[in-house]
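1. Here is my input; please provide its structure:
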Amino acid sequence: DPPSFSISPEKVYRQDAGRKLLISCQGNTDATTRVTWSKVDPVRPISYSIEPNGSLLLQPVIKDHQGEWECSVSNRVASIRTHTQVFVLGTSPHAATSLSVSPGVKLANLSWEAGFDGGSTQTFSVWWV
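-> Numbering: from 1, shown residues only. The predicted model follows:
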């Protein structure tokens with residue numbers, strides 16, 4: 001039989017930096033079932049561990065743990081995946097993305113997507129000379 005999830009992670013987790021975060025993900029009890037975790041689109045290698053029951057352990061939680069994580073349950077027949085999002089609070093804001101400038105004759109339109117605020121209010125300023 002193909003694998004199935006007996007416990008799936010929540011869609012979103014929020015944890016303070018420096019704390020412990022344990023995210024459960026378990027497959028059916030078949031002895032051939034294997035649980036793996038990976039960070040989707042990691043910027044650089046980060047440390048994490050997988051508990052014997054398949055749970056992801058982030059300890060201590062750091063800014064680089066923020067992002068999308070994938071839990072995969074597989075056996076000889078197939079693999080299934082689910083995703084969760086981790087937000088790390090108490091960190092510096094993340095960089096803005098999708099920066100663009102649309103110049104006009106006497107004006108310019110600036111746009112960006114704000115990065116995660118790290119749990120604090122963000123203020124943006126535009127400077128020109």
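
2. Give me the secondary structure label for S72.
-> strand (DSSP: H, G, I helix; E, B strand; the rest coil).

3. Next, the contact list for it, please.
-> Listed by CB atoms under 8 Å, 6 or more residues apart in numbering, the contact partners of S72 are V35, T36, W37, S38, S79, I80, R81. In short, each C-beta sits where N, CA and C put it, glycine included.

4. Now list the buried members of those.
-> V35, W37 (16 or more other CB atoms under 10 Å).

5. How many residues are close by S55?
-> 19 (other CB atoms under 10 Å).

6. ah, wrong one, I meant P45
-> Neighbours around P45, by other CB under 10 Å: 7.

7. how about it, secondary structure?
-> coil.

8. Check the spacing between it and P9 real quick.
-> According to CB to CB, to the nearest Å, P45 and P9 sit 22 Å apart.

9. go on, T33?
-> 16 Å.

10. Show me the strands in the protein, by range?
-> 5-7, 12-16, 21-23, 26-27, 34-39, 49-50, 56-58, 67-74, 79-89, 97-103, 108-113 (DSSP state E).

11. most tightly surrounded among these?
-> Ranked by mean neighbour count, the strands of the chain are led by strand 56-58 with a mean of 21 (mean count of other CB atoms under 10 Å).

12. Would you mind pulling up the elements that it packs against?
-> Strand 56-58 sits against strand 21-23, strand 49-50, with contacts defined as 3 or more CB pairs under 8 Å, 6 or more residues apart in numbering; DSSP states H and E.

13. change it to 7 Å
-> Secondary-structure packing of strand 56-58 (3 or more CB pairs under 7 Å, 6 or more residues apart in numbering; DSSP states H and E): strand 21-23.

14. for the strand it packs on, packing partners?
-> Looks like strand 21-23 contacts strand 12-16, strand 56-58 (3+ CB pairs under 7 Å, 6+ apart).

15. What pLDDT is listed against the closest residue to V88 other than its chain neighbours?
-> Spatial nearest neighbour of V88, chain neighbours left out: Q66 (4.4 Å); criterion: CB to CB, 6 or more residues apart in numbering. Looking at Q66, its pLDDT stands at 92.
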